[in-house]
Each structure stands twice: as C-alpha cells, then as structure tokens.
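Chemist: below are the sequence and a predicted model for it; my questions follow.
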Amino acid sequence: MPKPMIQFGNKETSATVSNSMLSARQAQTKEKHDTLSKEELEMLIRKPRSKEYVDFLKKLDIGCEADMSSYIEEWKERVDKEFPMIDMVSNFLLGIISRCYLGDSYEVHMLDKTLSIVGHFKKGEPLPNGLEPCRSIGMNPNYEFVEVYEHMYCIVDKNGNTSVIQR
C-alpha cells in the first residue's frame, strides 16, 4: 500500500478540520430548512385548502371594517395551523384575489402578503403590483380565489382543490 506523500499534521488538527467541515454541513442543512426551493414551495402550495380557509375568503365582504380586523386576526391563526411554514410561503406570496360582493360596481378584492385587505377594486380600476392578469381568474365563478406567488398562481375551487399555473 503506498504511503501518503503529504501529511496534514497531527490528529488534533485533523479532528479540528473535520469538526469545522461538519459544522459547515450542519449550517448548510439548517439553512435549507429555513428556506424553500421553488419545488418545495410548489408541493406545499398544491395541498388542498381546508373548508375553513375557503370559507374565510367568502366572508370578507360581510360586516363592518372594525369587525373584520378581529376576524382576520382569528383567520391568520387558523392559517398558521394549516400552513406551519407560512413565514416561508409568505416570502413568495404577493396577494390573494377573489370576487367582491360589495355591489355591482366592485369586481374583486385583494389581500396582501400580511393577509390584510388591500382594497376592493371597481371595474376598470387596476390591481397593484402587476396583479391585474389575475382579475379574470378571481372573478371566474368556477373558482373561489387565486393565490398569487412570485412564480405561480394557485387557483382554489369551492372544495379547496388547487390548480397551480406557472407564471
């Protein structure tokens, strides 16, 4: 068996180098758990939505604004339970768009990434942040709402079934 020509020092130095490499690998692994790849995000987004999640978005136009703030806070807690990785998902979430029932002049309303109502939009009033292409999906009677992410749309029907479309 050939002898190594290069010596890397004593065993203590080798152990320190090995421990440093192990620490670096552990840090990389931890970092992977703190972020989501596009594929991991898509798998998470494809999960069917619960009845509670879908029903919430139907009730956005009911009641006064003061009542809605407490209702939205309660809903955020439910969403945290349904999507434990919501902080990571919300980094990709641009908004949620659904039909608006405030009157004939309104078409859609939008929630932002903090799940707060940004506004109710009238016919011809453009949606912010380049979300205008989602208006027609949000108004479609076959769907309850559309979640808009950086790289995809997640269309949700009344049963919570999802369809993902790449942007």
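Modeler: Noted; the coordinates are in hand.
Chemist: tell me where the chain has helices.
Modeler: 11-34, 38-45, 51-58, 65-82, 86-90, 135-139 (DSSP state H).
Chemist: for the third one, buried residues please.
Modeler: Buried residues in helix 51-58, counting neighbours by 16 or more other Cβ atoms under 10 Å, are found at 53-54, 56-57. Using the backbone N, CA and C atoms, a C-beta is placed for each residue, glycine as well.
Chemist: nearest to Ser37 among those residues?
Modeler: Nearest to Ser37, judged by Cβ to Cβ, of those is Tyr53 at 23.8 Å.
Chemist: now that closest one, nearest residue through space, not along the chain?
Modeler: Ranked by Cβ to Cβ, 6 or more residues apart in numbering and with sequence neighbours excluded, the top spatial neighbour of Tyr53 is Glu82, at 6.0 Å.
Chemist: is Tyr153 in contact with Leu131, as I believe?
Modeler: No: judged on Cβ atoms under 8 Å, Tyr153 makes no contact with Leu131 at a distance of 9.9 Å.
Chemist: ends of stretch 124-135, what's the gap?
Modeler: End-to-end span of stretch 124-135 (Cα to Cα, to the nearest Å): 10 Å.
Chemist: how far off centre is it?
Modeler: 19 Å (Cα atoms, centre = their mean, to the nearest Å).
Chemist: contacting residues around that stretch?
Modeler: 94-95, 97, 107-108, 110, 118, 121, 146, 148, 153 (Cβ atoms under 8 Å, 6 or more residues apart in numbering).
Chemist: in strands only, show me these.
Modeler: Among these, the members falling in strands (DSSP state E) are 94-95, 97, 107-108, 110, 118, 121, 146, 148, 153.
Chemist: among those, which pair sits farthest apart?
Modeler: Leu94 and Glu107, at 18.4 Å, using Cβ to Cβ across the ones in strands among the contacts of stretch 124-135.
Chemist: ok, the nearest residue to Leu93 once chain neighbours are set aside - how many residues close by?
Modeler: Distance criterion Cβ to Cβ, 6+ apart; nearest residue to Leu93, sequence neighbours excluded, is Lys113 at 4.7 Å. Each residue near Lys113 was counted by other Cβ atoms under 10 Å, and the total is 17.
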